[in-house]
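Asks: What would the 3D arrangement of this be:
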Amino acid sequence: MSFKQRAFIINWFSCYKILQLAFLVGSLITESFDVSTPTLASDPGSQSLIHETVLRLINWDAVYFYKLFNNEPNFEHEFVFSPFWTALVRQLPVEDPILKFIVAGIVTNILHLANALLIYEISKEIRIRADFKTSSSSKFELVSALIYVVLPAGAFVIMPYSEVFNSFLCFTGLLLKLKSASKDGELIERKLLYLVSAIFFGIAFQVRSNSVLYGILYLIDLVQKRQRIALFAGASMGLLVAINQFVPYYQFCRIHDFSYWADMRSSGDDFDIDLYDLAHPKWCHSKLPFLTLHAQATYWNNGFLRYWTLNNIPNFLIGLPTVLVLLASVSHKYRHQEKLVTDLKLITIVFVFLNVTCWHVQIINRVSNFIPINCWMLAEVILDDSPQRKVALGVIVYYIAWNLTQTSLYSSFLPPA
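Replies: Predicted coordinates for the structure are as follows:
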């Protein structure tokens, strides 16, 4: 059964990707909103049809990825732009920038399939532990994986963005943590799995900063179970987060050059002088000299209620369906109840709160796929044959329609992104 189910996931994934790719490339027949991306090529006039097609698809944040796939980061905001993912792609033994971008895209889609199979394994582990045996229960992991494939991330899971790789690291960490709680195996082996799971979450932070929320898992274990190993695991994850912040700090804040601009203000016989450090960025002198916080606030205007403006109402409407599904997954009473599910509810609440109040809310469509709890809620509702089953199936139809629509718009450099 497991082999047949995995084969079905692969077939479903392949058919869906072919359909999505057809919409992505087919939409190129329309005129692009922005025709500047061909200038990224070193010699635009001599490129093949494939090169020209790929250049048309380098839109939105893909421009940053294209640059960082081929060059070391120079500007401060580039140091927080998925540094681990871009560094790995730079190591590919491919000279041609466009070909490297294509290879990164292929890797992204392979990882997307791997994520679906990881969801299958995690869901199966949860079902077995719940010891819930019905005729439909054995399909729980299959349906969860199929739903994951069509989550509303649009073109961002077919293009070489970092969300897919981030989810791969997070799901690997989840599976290892789940395995560490098993009664099978030696104690030392289970403790090692527990520690390694935290390392995966720490590495995931080098890809997308929202992965830091998985540190909540170890905080819960520390508070509820007084597990000493939870402290070590959390510290391991925290060390990797600290290293991520130290690299740009060393790059920008440890310059032994003292250049200042003096701003003098006089008032009668008194005067004040403000000194501005020209050699070090302003964030170097903050109480928390974290480039991630500074870059998100300065370059992407993230911050508490900063996005709550009238002109962003359409963006809130774009993100609203995903927000509602995530909130429903928190309030849902799971038949396959396991400690990990309960812990993920808290992570989901924090994630939704931050996304709605502090971040660009529409990105929840593509960023939320690092949390699997919505797949489990929809899978249970569909398999239960409850009155809400039609609603859950409607959500799946919406996911597919949204993905194909957004993929088509992406090709022409049109929102939403």
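
Asks: okay, which residue is most central for the chain?
Replies: Nearest to the mean C-alpha position of the chain, by Cα atoms, centre = their mean, lies residue 163 at 3.6 Å.

Asks: I'd like the distance between that one and residue 343.
Replies: Applying Cβ to Cβ, to the nearest Å, the value for residue 163 to residue 343 is 22 Å. Heads up, the C-betas are built off the backbone N, CA and C, glycines and all.

Asks: repeat for residue 184
Replies: Taking Cβ to Cβ, one finds residue 184 at 21 Å from residue 343.

Asks: And these two? Which one has more around it.
Replies: Using other Cβ atoms under 10 Å, the more surrounded residue of residue 184 and residue 343 is residue 343, with 20 against 7.

Asks: Now do the helix or strand harbouring the more buried one: which elements does it pack against?
Replies: Per DSSP states H and E, residue 343 falls inside helix 339-357. Counting by 3 or more Cβ pairs under 8 Å, 6 or more residues apart in numbering; DSSP states H and E, the packing neighbours recorded for helix 339-357 are helix 163-180, helix 215-225, helix 313-331, helix 364-367, helix 373-384.

Asks: which residues sit against that helix?
Replies: 126, 174, 177-178, 181, 210, 213-214, 216-217, 220, 304-305, 308, 319, 323, 326-327, 329-330, 334, 361, 363-364, 367-368, 371-373, 376 (Cβ atoms under 8 Å, 6 or more residues apart in numbering).

Asks: Got a quick PyMOL command for the buried subset of these?
Replies: Selection of the buried residues among those in PyMOL, burial being defined by 16 or more other Cβ atoms under 10 Å:
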select buried, resi 126+174+177+178+210+213+214+216+217+220+319+323+326+329+330+334+361+363+364+367+368+371+372+373+376
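
Asks: Residue ranges in the stretch 201-350 of the chain under the pLDDT threshold?
Replies: 255-280 (pLDDT under 70).

Asks: I'd like to know how far residue 354 sits from residue 361.
Replies: From residue 354 to residue 361 the distance is 10 Å (Cβ to Cβ).

Asks: May I see the buried residues of the helix holding residue 343?
Replies: 339-341, 343-345, 347-348, 351-352, 355-356.

Asks: Can you name the two of those that sit furthest apart?
Replies: Using Cβ to Cβ, the buried residues of helix 339-357 span at most 26.6 Å, a distance reached by 339 and 356.

Asks: count of residues packed around residue 179?
Replies: 19.

Asks: Now for it: which residues touch it?
Replies: Residue 179 is in contact with 125, 190, 193, counting by Cβ under 8 Å, 6+ apart.

Asks: show me what contacts the nearest residue to the second one once chain neighbours are set aside?
Replies: The spatially closest residue to residue 190, leaving aside those adjacent along the chain, is residue 180, at 4.7 Å (Cβ to Cβ, 6 or more residues apart in numbering). By Cβ under 8 Å, 6+ apart, the contact set of residue 180 is 190-191, 193-194, 197.

Asks: Keep only those of those that are in helices.
Replies: Counted as lying in helices by DSSP state H, out of those, are 190-191, 193-194, 197.

Asks: TSV for the residues you listed, including distance to residue 288, pLDDT and neighbour count?
Replies: Shown next, in TSV, are the ones in helices among the contacts of residue 180 (distance: Cβ to Cβ, whole Å; pLDDT from 0 to 100; neighbours: other Cβ atoms under 10 Å):
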residue	distance to residue 288	pLDDT	neighbour count
190	35	91	16
191	32	94	15
193	32	95	18
194	29	96	21
197	27	97	26
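
Asks: Can you tell me which of those residues comes closest to residue 29?
Replies: Among the ones in helices among the contacts of residue 180, residue 197 lies closest to residue 29 (Cβ to Cβ), at 46.2 Å.

Asks: list the contacts for that closest one?
Replies: Counting by Cβ under 8 Å, 6+ apart, residue 197 has contacts 172-174, 176-177, 180, 233.

Asks: Can I get those in TSV including distance to residue 413?
Replies: As requested, those are exported to TSV (distance: Cβ to Cβ, whole Å):
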residue	distance to residue 413
172	33
173	35
174	35
176	39
177	40
180	45
233	43
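
Asks: which one of these is nearest residue 3?
Replies: Checking the contacts of residue 197 against residue 3 by Cβ to Cβ gives residue 172 as the nearest, at 21.6 Å.

Asks: and the closest one, what is it in contact with?
Replies: 118, 197, 200.

Asks: now do 6 Å
Replies: By Cβ atoms under 6 Å, 6 or more residues apart in numbering, the contact set of residue 172 is residue 200.

Asks: Quick check, pLDDT for it.
Replies: What the model reports as pLDDT for residue 172 is 98.

Asks: how close does it get to residue 108?
Replies: In terms of Cβ to Cβ, residue 172 sits 16 Å off from residue 108.

Asks: Assess the claim that residue 171 and residue 118 are in contact.
Replies: Yes: in terms of Cβ atoms under 6 Å, residue 171 counts as a neighbour of residue 118; the distance is 4.0 Å.

Asks: between these two, which one's more packed in?
Replies: Shown here are residue 171 and residue 118; by other Cβ under 10 Å, residue 171 has more neighbours (25 against 21).

Asks: got the CA positions of stretch 183-198 in CSV?
Replies: In CSV, the C-alpha atoms belonging to stretch 183-198 read as follows (Å, rounded to 0.1, in the frame of the first residue of the first chain):
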residue,chain,number,x,y,z
LYS,A,183,9.8,4.2,22.0
ASP,A,184,11.8,2.2,19.4
GLY,A,185,15.6,2.4,19.3
GLU,A,186,18.3,3.2,21.8
LEU,A,187,18.0,6.2,24.1
ILE,A,188,21.2,7.7,22.8
GLU,A,189,20.0,7.4,19.2
ARG,A,190,16.7,9.1,20.1
LYS,A,191,18.5,11.9,21.8
LEU,A,192,20.8,12.4,18.9
LEU,A,193,17.8,12.6,16.5
TYR,A,194,16.3,15.2,18.9
LEU,A,195,19.5,17.4,18.7
VAL,A,196,19.9,17.0,15.0
SER,A,197,16.3,18.1,14.5
ALA,A,198,17.1,21.4,16.1
